[in-house]
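Trainee: the following block contains a protein sequence and its predicted model.
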Amino acid sequence: MAETLAYIQRKSLIHDLTGATKFLFFIMWSIAAMITYDTRILLALFVIGIFLFYISKLKWKEVRFALIFMFVLMGFNMIGVYIFGPEQGVEIYGTRHELFVIAGPYAVTLEQLFYMFNFLMKYLSVIPIALLFIMATNPSEFASSLNKIGVSYRIGYAVALALRYIPDIQRDYHNISKAQQARGIDLSRKDKFFDRLKNSAAILFPLVLSSLQGIEVISNAMELRGFGKNKKRTWIVERKFKKEDYRALAFGAILLVISIIVTFSDGNRFYNPFL
Amino acid sequence: MEEKFISFQDYTFQYRAQSEPTLKHINLDIKKGERIVIIGPSGSGKSTIAHSLNGLIPFSYPGESMGSLTIGGKEVKTLSIFELSQYVGTVLQDTDGQFIGMTVLEDIAFSMENNCVPQDEMIRKTREEAVKVQILEKLDASPHQLSGGQKQRVSLAGILVNNVPVLLFDEPLANLDPYAGKKSMELIDQIQKETDTTVILIEHRLEDALHMGADRIILMEEGEIVADEPPSVLFASEKLKEAGIREPLYITALKYGGCKLEPSMKLEKIQDLFLEEEQKKQMRQWFSYRKKEKKEEEKPVILSVEDISFGYTEEKENLSHISFTVKEGEMISIVGKNGAGKSTMAKILCGFEKLEKGEIFIKGRDIKGDTIKERARQIGYVMQNPNQMISKPMVYEEVAMGLLVQKKPEEEIKKRVEEKLKICGLYSFRNWPISALSYGQKKRVTIASILVQEPDILILDEPTAGQDFRHYTEIMDFLKSLNEKGITVLMITHDMHLILEYTNRSLVFADGKLLADTTPSTLFGNPELIKKASLKETSLYELAKQCKLDGKEFIEWFIEYDKEVRRKWPKPLHTSNENL
């Protein structure tokens, strides 16, 4: 089967952390990356992110598909950013170093390139950590640790089940789409946009229907085995917070604080090399 | 031992959405430690009995009940579904769907987690039950690393942790291959002996279910109990046949042979069957009527597969060096364990997966370069679950969809769709919503929607999985009629009856290799091949051995005779009025 974006069991420092640690770390990391346009911070986050990905023992092959997908999206995003604001960079940095003109209002400036580079770095610094969170966190253990930090176990379990069913749904989607293509439903770019939209309904309809059926079975199975009986429940995969968890959280918090301080110390979210 | 643990007294149940009760005045007592098999055609109310016992009625399926149902002396109406789950542990039909945990460990522990059992104790108890169901070495495995039989054992362990007095199995064989099913029944037998639990098993594959040994069979029809007897007594009568249930094959064979059946012959299991010398003689007499001549017409080759190898990943080959040919008008079964490569083979033929090594020819033309769409005009693929194929609300729309997107002229679409609807016996339903159709009818809608592309070859994935005898016959007779109209049919299946009764050739896959390409009767006469294909021996073979007859020829004769007898049966009403 095609590579899927789901938990892969492995032994590593990252895998050993509890789900809640990874979740909180991911949140702090994302905030740190979101608030800043400071190139130095973004570069640092990017390098640390790659390093963490490396020590998690996840393989490039396992995320290739997801990465390609994200790069394509990012590419479109970049094009959009340029089309709708070719002078955005000039506005932000206050100088204008024009390289060449494409056509009409569309000139390429050093400032715009630098702005877009920063924009790209925001994505690139979050992606490794997001992948880590999805692929190195056991969904059930995540649910148990959410429960421990006060989230209802019903919600935690719903999240875990959703994560667990991603591969199943991907597989069903694959099979249904192939079977529908055999009936002449074309999803390639040859068809008009409107036809394509209509055709994708031909895949979604059966996909939703068979998923609903699956939900009925699983909810019956859960009820028959006492899910929802008590206000609390225990977890066989539960893990205690260890030294490493506190260290990881402290590390995340420090990064966030540094990011905030550096970003806002000079009253500007942007690092300006042009002045 | 003698106390009645479960007791239905004048129990009637009506689902909220139904206009009539599904269970009518049921009276049934079940003792502690008894083994009960409940059997009956689809819609006879057997699942409703199961749901009444485990509490899904009324918690998931609301409705109204009258009369009384007690378990362990307690009136079920007064218990919650959680309290009931301390009495009745249920293993559902869907081996995948009921797997809740991420891993075997979590799934077995699930109900203990909900009961707030401390972690240490859970781990200890989980390991203990895992040993009992022989799954200990797989504790960390996720569901997709397990076979159907293993998943079912995990579900069983998951209810055993509660020490429930009643084990309820809702069609446990429907999703298993015959070999796994046999192992499953042996495990239930063993666990019942060790724990003295009450076992209630709902099945329509009676012969396979009885492998565990049963004290009583409850035969249901239209919401009522029509027989409540030990297997031997029931088999000596004609009640199963009258209810449209398939008898065990050896029983049918003995009846064809003219043997008078008595409960004293130990009819419940072929292994225990006791035949007098006189009766064996009768069987040999019957066998001697068989016709020897057999002429196979030589038909042109329609599909030829030459030295195909394929792997989803580079490390592992899922198919290696497969070659076979199919002649026009054949009806072939593709058999083997899950993961043996059957479905992969089908997907490659239809172009769903890209072929890298090997050649495929249809009518002598290399189709390697054809797209999925182009292939579909030659090979149609029907998925196992019709709900995964249906994407329009109305019958006509669904069947026409493929042609509509190809922008064929309206006149042509109408002509082709109506023609196929007639072939599939669905013409009178053309303006019906699909949701109002039965499973078998939905299946035919999906077949019709493939047939409009006018393929020469039809590949079906498990066409009869989970169907009772009546629907099985309905679907298979329909496929047979398509076959007689000239369409070549390939079926991926575990169903031994289907293989024996409807196919003239079997392709046996194991570990990505084509192990055998032979006739079904040869396959079932070869114990080693049976094991590798994950099938089980047919009781006919055993019966032939007991009567000192050639197994393979006996099977062939039985199939031929059986076809002849069944041809003379009047067509049931439900199929004839659909062709109006």
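Mentor: In hand now; what should we look at? Numbering: from 1, shown residues only, chains lettered A, B, ... in the order given.
Trainee: tell me where the model's unsure across chain B.
Mentor: B:1-2, B:292-296, B:569-580 (pLDDT under 70).
Trainee: ugh, wrong one, I meant the stretch 1-150 of chain A
Mentor: Within the stretch 1-150 of chain A, the ranges that satisfy pLDDT under 70 run A:1-5.
Trainee: which parts of it sit against chain B?
Mentor: Within reach of chain B by C-beta under 8 Å from any C-beta of the partner chain, the stretch 1-150 of chain A has these residues: A:Met1, A:Tyr7, A:Gln9, A:Asn138, A:Pro139, A:Ser140. Backbone N, C-alpha and C define where each C-beta goes, glycine included.
Trainee: name the member of those with the most neighbours.
Mentor: A:Ser140 (28 neighbours; other C-beta atoms under 10 Å in any protein chain shown).
Trainee: my guess is that one contacts B:Ile100, does it?
Mentor: No: between A:Ser140 and B:Ile100 there is no contact, the gap being 9.7 Å when judged by C-beta atoms under 8 Å.
Trainee: so which bits of the stretch 401-550 of chain B are right by chain A?
Mentor: B:Met401, B:Gly402, B:Leu403, B:Val405, B:Gln406, B:Ser449, B:Ile450, B:Gln453.
Trainee: what number of residues lie near the fifth one?
Mentor: Around B:Gln406 there are 14 other residues, counting by other C-beta under 10 Å.
Trainee: that one touches A:Gly184, doesn't it?
Mentor: Yes: using C-beta under 8 Å, B:Gln406 is in contact with A:Gly184, at 4.9 Å.
Trainee: what subset of the residues of the stretch 401-550 of chain B next to chain A is buried?
Mentor: B:Met401, B:Gly402, B:Leu403, B:Val405, B:Ser449, B:Ile450, B:Gln453 (16 or more other C-beta atoms under 10 Å in any protein chain shown).
Trainee: would you point out the most distant pair within the residues you listed?
Mentor: B:Val405 and B:Ile450 (14.4 Å; C-beta to C-beta).
Trainee: now the residue nearest to B:Phe524 when sequence neighbours are not counted: how far from B:Thr519?
Mentor: Of all residues not flanking B:Phe524 in the chain, B:Thr538 sits nearest, at 5.1 Å (C-beta to C-beta, 6 or more residues apart in numbering or on different chains). As for B:Thr538, its distance to B:Thr519 is 14 Å (criterion: C-beta to C-beta, to the nearest Å).
Trainee: more neighbours, these two?
Mentor: Comparing B:Thr538 with B:Thr519 by other C-beta under 10 Å, the one with more neighbours is B:Thr538, at 29 against 15.
Trainee: my guess is that one contacts B:Leu249, does it?
Mentor: Yes: using C-beta under 8 Å, B:Thr538 is in contact with B:Leu249, at 6.2 Å.
Trainee: end-to-end on stretch B:373-390?
Mentor: End-to-end span of stretch B:373-390 (C-alpha to C-alpha, to the nearest Å): 18 Å.
Trainee: buried stuff in stretch B:359-374?
Mentor: Residues B:Ile360, B:Phe361, B:Ile362, B:Ile367, B:Asp370, B:Ile372, B:Lys373 are the ones in stretch B:359-374 that count as buried (16+ other C-beta under 10 Å).
Trainee: what about it, start to end distance?
Mentor: With C-alpha to C-alpha, one end of stretch B:359-374 sits 17 Å from the other.
Trainee: spit out the contact partners of B:Thr503.
Mentor: B:Met331, B:Ile332, B:Ser333, B:Met491, B:Pro520 (C-beta atoms under 8 Å, 6 or more residues apart in numbering or on different chains).
Trainee: measure it to chain A for me?
Mentor: Distance, B:Thr503 to chain A, using C-beta to the nearest C-beta, to the nearest Å: 23 Å.
Trainee: name the nearest residue to that residue, ignoring sequence neighbours.
Mentor: Of all residues not flanking B:Thr503 in the chain, B:Ser333 sits nearest, at 4.1 Å (C-beta to C-beta, 6+ apart).
Trainee: likewise for B:Gly339?
Mentor: Nearest in space to B:Gly339, with sequence neighbours left out and distances taken as C-beta to C-beta, 6+ apart, is B:Ser147 at 7.6 Å.
Trainee: what number of residues lie near that neighbour?
Mentor: Neighbours around B:Ser147, by other C-beta under 10 Å: 16.
Trainee: and it, what does it touch?
Mentor: Contacts of B:Ser147 (C-beta under 8 Å, 6+ apart): B:Ala180, B:Lys337, B:Asn338, B:Gly339.
Trainee: residue contacts, the closest residue to chain B within the stretch 1-150 of chain A?
Mentor: In the stretch 1-150 of chain A, the residue found nearest to chain B is A:Ser140; the distance is 4.8 Å by C-beta to the nearest C-beta. Shown in contact with A:Ser140 (C-beta under 8 Å, 6+ apart): A:Ala160, A:Trp235, A:Val237, B:Gly101, B:Met102, B:Glu106.
Trainee: check the spacing between it and A:Ala160 real quick.
Mentor: Here A:Ser140 is placed at a distance of 5 Å from A:Ala160 (C-beta to C-beta).
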